[in-house]
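Student: starting from these lines, generate the structure:
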Amino acid sequence: MEIFDELKARGLIAQITDEEEVKDLINNGKAVFYIGFDATADSLHVGHFMALNLMRRLQLAGNTPIALLGGGTSMIGDPSGRTDMRLMLTEEQIAYNADRFKVQMEKFIDFSGGKAIMLNNAEWLKPLKYIDLLRDIGAHFSVNQMLTAECYKNRMERGLSFLEFNYMIMQAYDFYYMNEKYGCNLQCGGDDQWSNILAGTRLIRKKTGRDAYGLTINLLLTSEGKKMGKTSSGAVWLDPEKTSPYDFYQYWRNVDDADVLNCLRMLTFLPLEDINAMNDLQGAQLNGAKDILAYELTKLVHNEEEAEKARSISWELFSAHGKTDDMPAARIDSTELTDGAIRITELLVLSGLASSRAEARRLIDQKGIEVDGRKVLSIDAVWNEQALKGAGIIIKKGKKVYRRVYMEC
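Tutor: All right, here's what the predicted structure looks like:
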């Protein structure tokens with residue numbers, strides 16, 4: 001199966017500008033394609049994982065990826081999918097975030113020997129002169145047409161800043177610039193980027209007379225239509241310091257039954273015939289598929305050793321006789337104790353299992369907390385220094401979230 005047909009069979013392709021032309025490009029390794037990553041946080045997250053996997057698939061098929069760091073566009077902020085304006089970041093914050101992105105991208109994309117290109121659009125966007133840009137680029141954009149784009153329509157009632165209104169022009173200019181300088185002929189992205197991608201293809205055609213193409217992939221949604229990659233404590237990050245390999249593994253191990261096969265198709269590199277063979281699995285039988293999903297994705301994002309470790313911890317924990325050395329842990333300081341003891345509500349907050357004391361009390365009231373295998377029934381329960389020293393205590397939240405909490409001796 002050629003790469004274009006595989007992308008369709010995996011349910012990845014959402015919209016495409018010229019199907020036959022794009023099919024020919026990517027099947028024959030003639031695509032020089034780019035995906036942009038605005039540096040709005042200090043780590044990539046699961047939402048970026050789809051894009052990174054697409055880049056890897058297309059590169060393995062002989063195409064050339066351009067990973068574009070949004071050092072310039074991050075200073076404006078993409079209004080797509082937003083109900084309010086993004087927080088303004090400093091240039092130093094953006095540069096720091098972009099550097100973190102580079103390290104993570106290199107796990108997915110082979111940049112050796114000219115097989116891929118990494119660029120930062122700050123290089124060409126920041127030196128632009130405003131009046132020159134208006135005359136040279138702005139003249140090719142219709143405000144009426146721009147306002148029909150979903151990314152703008154959804155914001156009109158709440159208010160769309162003029163700063164954000166420029167984002168589409170900047171992204172279109174990126175495509176035009178890289179088409180001129182690097183022969184970039186295809187832009188890819190999530191389906192919420194469709195309007196911005198079309199703006200780029202139109203700009204290239206008007207400025208050069210050449211055709212350029214766009215392809216979007218489906219967003220990673222649950223069977224209920226909600227975006228995946230969010231937990232009660234926030235995003236699922238690719239940085240192990242922000243989301244541990246174990247917690248990353250557990251996120252995928254706990255996906256709903258209705259979503260597991262779709263995730264296997266869209267996110268893993270397992271052969272489609274192997275995934276399709278699981279179509280008839282139901283109920284408890286799907287646990288095996290979930291374990292495969294969690295293992296494969298943890299291996300992709302971290303490495304095989306971390307995937308093995310996360311799987312081992314998970315199996316040992318649920319067998320109720322495992323080692324705790326590699327379990328996600330939180331160290332607390334003696335200064336957090338009062339009269340040599342600490343309340344369970346404080347432990348939950350300090351360990352990251354609850355975002356506030358109010359949430360901690362709610363979890364206890366709902367009988368959702370266990371410590372060392374015993375249900376916590378009172379918000380006034382306390383643990384003393386002796387209990388927390390050494391290996392500490394094991395707190396379990398709900399059915400599958402564990403944390404070792406300890407004090408250093």
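
Student: so where is the stretch 201-350 of the chain shaky, pLDDT-wise?
Tutor: Scanning the stretch 201-350 of the chain for pLDDT under 70 picks out the ranges 230-233, 284, 316-327.

Student: nope, the stretch 51-200 of the chain is what I was after
Tutor: Along the stretch 51-200 of the chain, the parts satisfying pLDDT under 70 run over 77-87, 143-144, 146-165.

Student: for the residue of the chain most remote from its centre, give its distance to Trp383.
Tutor: Each residue of the chain has a distance to the centre, and by C-alpha atoms, centre = their mean the biggest one is for Asp339: 43.2 Å. As judged by C-beta to C-beta, to the nearest Å, Asp339 and Trp383 stand 12 Å apart. No exception for glycine: its C-beta is placed from N, CA and C like everyone else's.

Student: same question, Tyr34
Tutor: Distance from Tyr34 to Trp383, by C-beta to C-beta: 53 Å.

Student: compare the two (neighbour count), which wins?
Tutor: Tyr34 (25 against 21; other C-beta atoms under 10 Å).

Student: give me the residues contacting the helix or strand harbouring that one.
Tutor: Using DSSP states H and E, Tyr34 falls within strand 32-37. Outside of strand 32-37, the residues within contact range by C-beta atoms under 8 Å, 6 or more residues apart in numbering are 26, 44, 48, 51, 54-55, 58, 63-70, 73, 101, 105, 121, 171, 174-175, 178, 182-189, 215.

Student: sort out for me which of these are in helices.
Tutor: 26, 48, 51, 54-55, 58, 101, 105, 171, 174-175, 178, 182 (DSSP state H).

Student: which of the residues you listed sit farthest apart?
Tutor: Ile26 and Phe101 (24.1 Å; C-beta to C-beta).

Student: now the angle from the helix or strand hosting Ile169 to strand 32-37?
Tutor: Using DSSP H and E, Ile169 sits in helix 167-182. Between helix 167-182 and strand 32-37, the angle comes out at 140 degrees (axes from the mean of the first three to the mean of the last three C-alpha atoms, to 10 degrees).

Student: tell me what helix 167-182 is packed against?
Tutor: Contacts defined by 3 or more C-beta pairs under 8 Å, 6 or more residues apart in numbering; DSSP states H and E place helix 167-182 against strand 32-37, strand 64-69, strand 117-120, helix 122-125, helix 150-153, helix 194-208.

Student: could I get those in TSV, plus columns for distance to Ala358?
Tutor: What follows is those, written out as TSV (distance: least, C-beta to C-beta, whole Å):
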stretch	distance to Ala358
strand 32-37	36
strand 64-69	39
strand 117-120	42
helix 122-125	42
helix 150-153	36
helix 194-208	40
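
Student: right, and these - which one's nearest Ser355?
Tutor: The closest of the helices and strands packed on helix 167-182 to Ser355 is strand 32-37. By C-beta to C-beta, the value is 27.5 Å.

Student: give me the buried positions along that closest one.
Tutor: 32-37 (16 or more other C-beta atoms under 10 Å).

Student: that one pairs with which strands, parallel or anti?
Tutor: strand 64-69 (parallel), strand 186-190 (parallel) (DSSP bridges).

Student: CA atoms only: put the longest one into PDB for me.
Tutor: Once non-C-alpha atoms are left out, strand 64-69 reads as follows in PDB (Å, rounded to 0.1, in the frame of the first residue of the first chain):
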ATOM      1  CA  THR A  64      11.500  16.000   2.800                       C
ATOM      2  CA  PRO A  65      10.000  17.600   5.900                       C
ATOM      3  CA  ILE A  66      10.500  21.200   7.000                       C
ATOM      4  CA  ALA A  67       9.900  21.600  10.800                       C
ATOM      5  CA  LEU A  68       9.000  25.200  11.200                       C
ATOM      6  CA  LEU A  69       9.400  26.700  14.600                       C
END
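
Student: ok, Ser74 - contacts?
Tutor: 38-40, 89, 94, 97-98.

Student: so which of those residues are in helices?
Tutor: Among the contacts of Ser74, the members falling in helices (DSSP H) are 94, 97-98.

Student: now the residues you listed as JSON lines including distance to Val405 and neighbour count?
Tutor: JSON lines is the format used below for the ones in helices among the contacts of Ser74 (distance: C-beta to C-beta, whole Å; neighbours: other C-beta atoms under 10 Å):
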{"residue": "Ile94", "distance to Val405": "36", "neighbour count": "22"}
{"residue": "Asn97", "distance to Val405": "31", "neighbour count": "22"}
{"residue": "Ala98", "distance to Val405": "35", "neighbour count": "20"}
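
Student: from those residues, pick the one nearest Arg403.
Tutor: Asn97 (27.7 Å).

Student: run a quick neighbour tally on the residue nearest to the closest one when sequence neighbours are not counted.
Tutor: Nearest non-adjacent residue to Asn97, counting by C-beta to C-beta, 6 or more residues apart in numbering: Ala39, 3.7 Å away. The tally of other residues near Ala39 (other C-beta under 10 Å) stands at 26.

Student: and for Gln285?
Tutor: Around Gln285 there are 11 residues (other C-beta under 10 Å).

Student: likewise for Ser334?
Tutor: Counted with other C-beta under 10 Å, Ser334 comes out at 12.

Student: swap in Ser378?
Tutor: 10.

Student: what's the end-to-end length of stretch 347-366?
Tutor: Distance across stretch 347-366, first residue to last, is 17 Å (C-alpha to C-alpha, to the nearest Å).

Student: which positions within it qualify as buried?
Tutor: Across stretch 347-366, burial judged by 16+ other C-beta under 10 Å covers 347-351, 353-354, 359-360, 363-364.

Student: same deal with stretch 261-279?
Tutor: Neighbour counts using 16+ other C-beta under 10 Å place 261-268, 275, 278 of stretch 261-279 among the buried residues.
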